[in-house]
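Chemist: From the sequence below, what's the structure:
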Amino acid sequence: MAFELPTLPYAVNSMADAGMCQETLELHHGKHHQTYVTALNGFVESKPELAGKSLEEIIAHSRADASLTPVFNNAGQHWNHSQFWESLSPKGGAIPPVLEKKLIEDFGSVDAFKTAFRQAAATQFGSGWAWLVLDADGKLQVTKTSNAASPLSEGQGRTLLTLDVWEHSYYLDFRNRRPDYITNFIENLANFERAEELLKSA
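Modeler: Residues are numbered from 1 along each chain as shown. As a prediction, this is how the structure comes out:
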């Protein structure tokens, strides 16, 4: 069964007032992400060893094999972007109580978490991602990865929140001002409600 572009859980124009315009979402989701899905399906069709594998299995299978780097890149980007769409909300930015308590417990304060997240996202050189994860010890951590890598591929824990810091994710709205894009995500777009749900289910 072919992989498919996930449907956005909100309207493409729903976050314009919160700093992400309709054109950004249409290009990012409908063009960039679709390109990864299309390429991944092409690889699956041409490589029998990938047939029937889940997305996560393909990422694990291709991660350490240099000959499968194009497979890993497209599978990883499909997975990463799917996490990113779920990490956005037109009514984002508010941190619910269970997650807030855990952030204070593990980072010292909510502000300390936000600082750590902003720093990770801003200092990811070139293209990549910033993540809030729950590690194997049950502690919240902020991490970052380059290109198509993720906490899934790097064994860094369970993803709770994802921020895309590739330039195409923010250039129409913020030009080259990545720090402003990051702050806007944290304060206005981050789906902390979903992050709390994932924390609870873990």
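Chemist: Most distant residue from the centre of the protein?
Modeler: Ranking residues of the chain by C-alpha distance from their mean position (Cα atoms, centre = their mean) puts P48 at the top, at 28.6 Å.
Chemist: Name all residues that make contact with that residue.
Modeler: Neighbouring residues of P48 by Cβ atoms under 8 Å, 6 or more residues apart in numbering: there are none. C-beta coordinates here come from the backbone N, C-alpha and C atoms, glycine included.
Chemist: L199 now?
Modeler: Going by Cβ under 8 Å, 6+ apart, L199 touches 98-99, 102, 134, 140, 160.
Chemist: For these, could you give me JSON lines that also reports secondary structure and neighbour count?
Modeler: Compiled in JSON lines, the contacts of L199 are given as follows (DSSP: H, G, I helix; E, B strand; the rest coil; neighbours: other Cβ atoms under 10 Å):
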{"residue": "V98", "secondary structure": "helix", "neighbour count": "13"}
{"residue": "L99", "secondary structure": "helix", "neighbour count": "24"}
{"residue": "K102", "secondary structure": "helix", "neighbour count": "21"}
{"residue": "L134", "secondary structure": "strand", "neighbour count": "21"}
{"residue": "L140", "secondary structure": "strand", "neighbour count": "21"}
{"residue": "L160", "secondary structure": "strand", "neighbour count": "25"}
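Chemist: This structure: helices as residue ranges?
Modeler: 22-27, 34-46, 55-62, 69-86, 97-107, 110-123, 151-154, 171-174, 178-184, 192-201 (DSSP state H).
Chemist: Return the mean pLDDT over the first one, rounded to an integer.
Modeler: Within the predicted structure, the mean pLDDT of helix 22-27 is 98.
Chemist: for that helix, packing partners?
Modeler: helix 171-174 (3 or more Cβ pairs under 8 Å, 6 or more residues apart in numbering; DSSP states H and E).
Chemist: Now do the domain split for the protein, please.
Modeler: Here the domain assignment for the chain is 21-86, 97-201, based on automatic domain parsing.
Chemist: returning to what we had before: quick one: closest of the helices of the chain to L8.
Modeler: L8 sits nearest to helix 69-86 of all these, at 5.7 Å, using Cβ to Cβ.
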